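Participant: okay, here's the prediction I keep looking at, along with the sequence it came from:
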Amino acid sequence: MLLLTVDEHSPEPIYRQIIAQIRDKIAGRVLLPGEKLPSTRRLADQLAIHRSTAAAAYQELWALGFVDLSPGSCPRVRDRMQIATAADRGEKGLVDWQATASQPSDALWQSYRRLDPPGRESTPALINFASMNMDSRLFPLESFRACLDRAMKNHGDVLLGYGARAGFRPLREYIARRLQSHGISVTADEILITNGSQQGIDLVFRMIAAPGKTVAIEAPTYDYVLPLLRFYGLRPVEIPVRRDGMDLDALAAAIAADRPVLVYTMPTFQNPTGISTGQAHRERLLSLCEQHRIPILEDGFEEEMKYSGRIVLPVKSMDRHHLVIYCGTFSKVLFPGARVGWRHPPLQRTRPQHDPPGGHPRILPERPLRPPHRQDAPRLPQKDADRRPRSPAPHRPRLGRMDRTQRRLPHLAQAQAATPPAGRLESPPRCPRRRSDHRRQLLLRRNPRYIPAPLHLPP
């Protein structure tokens, strides 16, 4: 006879008490596999509880795999495989995952580990120079929360579904107007919402991927691009970055020698050098690629990060032959956690026939991206597209502090020190190798987090 007790005064539900006691008896081999348990009616009479409570306990035990239930018969204890605990799991498993994983995927994983070592986020007193996050203290968090609440109230039934494959249409319409202010002629139907600009880059690489194909990249370049190229079997062709941007003479020579299928470039605030190319450079780049019919992937990740002066229009603004694919993101001008990017595909073929892996960020609709007092702001005319507003006044004190820091710490000068920083988030420092240098030792004692320069260059 199965002896169980229940405590009606316990905060734990009665059916949970029954489950715990039966599990303990099975674990202690008091109840063996194949033994019958009392029927729900008999168990309810024995414990003076409602039959539905006994049924609930047996249903839970069945769901956990401890008993078998059959209509018209009593529950039976089954020989269940034990639940694995942390102590049961050894360091080595039956499968050698390193040998099972493909070489490109393992190389991609190793590259990401070098870029973002585990445990670094919890390091005390960490100064993070690597992630290019904004100062969260400057973000109007309450206003943004109110915008999200309003968006969920007005569009919640749409946002909670899968939605359109290209992304939330009001958001695409807003991005189209935003790109028009940059001189890019585009409609909402030509915008594809991505999970950050990196997914847009991934989709382009996936589209052109084939063994033996080459891609012309700036050297140095965005650190996440290099492992992604290797993962898809694409060979990077390094084009040196000069003070005025990508060396176009070297690009012309690479085109003649290697015939790349794509040119990947960041004309505005190039990562990691921070260099922005001029109008003449962009015109020559486009003309060179038009001449050889080589598409351009323009990464406009920091298009809005201009502190002063006018902004040179993107290469895409001059594209008349559907040659330039433009990728953008809100990660730098809004916040990285938004994970909202977009891609302007040049042709119907680049549109996905199914949802991109990772899905679309749907909880950030068009409304939160415009402050309430600018909801009905007029679109910037095309003829004035190069007269976009300068950075607001709150940035000026910080720019002054950046300039004073550079003068006081010459060893941390900009790579292009002849020109003061006009914008961007990244700042490539130069630390001397001399161990005796007091400033370098002072910096390293503060445990900064940074991206080593070799990670921006192909091996």
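Facilitator: Structure received.
Participant: the stretch 201-350 of the chain: strands as residue ranges?
Facilitator: Under the criterion DSSP state E, counting those that start in this stretch, the stretch 201-350 of the chain contains strands at 214-219, 235-242, 245-246, 262-265, 296-299, 324-329, 341-344.
Participant: for those, which one sits closest to Arg42?
Facilitator: strand 341-344 (62.5 Å; CB to CB). C-beta here means a position set from N, CA and C on the backbone, and glycine is covered the same way.
Participant: what's next to the closest one, contact-wise?
Facilitator: 167, 172, 175, 179, 184, 186, 190-200, 203-204, 316, 325-331, 350 (CB atoms under 8 Å, 6 or more residues apart in numbering).
Participant: excluding its backbone neighbours, what's nearest Asp106?
Facilitator: Gln98 (6.5 Å; CB to CB, 6 or more residues apart in numbering).
Participant: my guess is that neighbour meets Trp109, correct?
Facilitator: No: with contact defined as CB atoms under 8 Å, Gln98 does not count as touching Trp109 (9.5 Å).
Participant: all helices of the stretch 151-300 of the chain, in order?
Facilitator: 169-180, 197-208, 225-231, 248-258, 279-292 (DSSP state H, counting those that start in this stretch).
Participant: and these as CSV, adding mean pLDDT?
Facilitator: Listed next are those as CSV, based on pLDDT from 0 to 100:
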stretch, mean pLDDT
helix 169-180, 91
helix 197-208, 91
helix 225-231, 89
helix 248-258, 96
helix 279-292, 97
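Participant: out of those helices, which comes closest to Ile19?
Facilitator: For Ile19, the closest of those is helix 197-208, at 44.4 Å, according to CB to CB.
Participant: below-threshold pLDDT in the stretch 101-250 of the chain: ranges please.
Facilitator: Along the stretch 101-250 of the chain, segments meeting pLDDT under 70 span 115-133.
Participant: any idea how far Phe335 is from Leu138?
Facilitator: Separation of Leu138 from Phe335 (CB to CB, to the nearest Å): 10 Å.
Participant: between the two, who's got more neighbours?
Facilitator: Phe335 (16 against 10; other CB atoms under 10 Å).
Participant: am I right that that one is in contact with Ser136?
Facilitator: Yes: with contact defined as CB under 8 Å, Phe335 counts as touching Ser136 (7.5 Å).
Participant: next up, the contacts around Ser331.
Facilitator: With contacts defined as CB under 8 Å, 6+ apart, Ser331 is in contact with 196-197, 301, 338-341.
Participant: and the least confident of those?
Facilitator: Among the contacts of Ser331, Ala338 carries the weakest pLDDT, at 77.
Participant: who has more neighbours, Gln98 and Trp109?
Facilitator: Neighbour count, other CB under 10 Å: between Gln98 and Trp109, Trp109 has more, with 14 against 8.
Participant: distance check, the residue nearest to that one when sequence neighbours are not counted against Met318.
Facilitator: Excluding its sequence neighbours, the residue lying closest to Trp109 (CB to CB, 6+ apart) is Ala101, at 7.6 Å. Counting by CB to CB, the gap from Ala101 to Met318 is 43 Å.
Participant: so which of these two has more stuff around it?
Facilitator: Neighbour count, other CB under 10 Å: between Ala101 and Met318, Met318 has more, with 18 against 13.
Participant: surely that one and Arg284 touch.
Facilitator: No: in this structure, Met318 is not within contact of Arg284 by CB under 8 Å, at 11.1 Å.
Participant: residues that sit against both of those two, list them.
Facilitator: Common neighbours of Met318 and Arg284 (CB under 8 Å, 6+ apart) do not exist.
Participant: can you give me phi and psi for Ala57?
Facilitator: When read as degrees, to the nearest 10, the backbone of Ala57 gives phi -70, psi -40.
Participant: that one: how many residues sit nearby?
Facilitator: Neighbours of Ala57 (other CB under 10 Å): 28.
Participant: would you agree it is in contact with Pro13?
Facilitator: No: using CB under 8 Å, Ala57 makes no contact with Pro13, being 9.4 Å away.
Participant: ok, Glu290 - contacts?
Facilitator: 321, 323.
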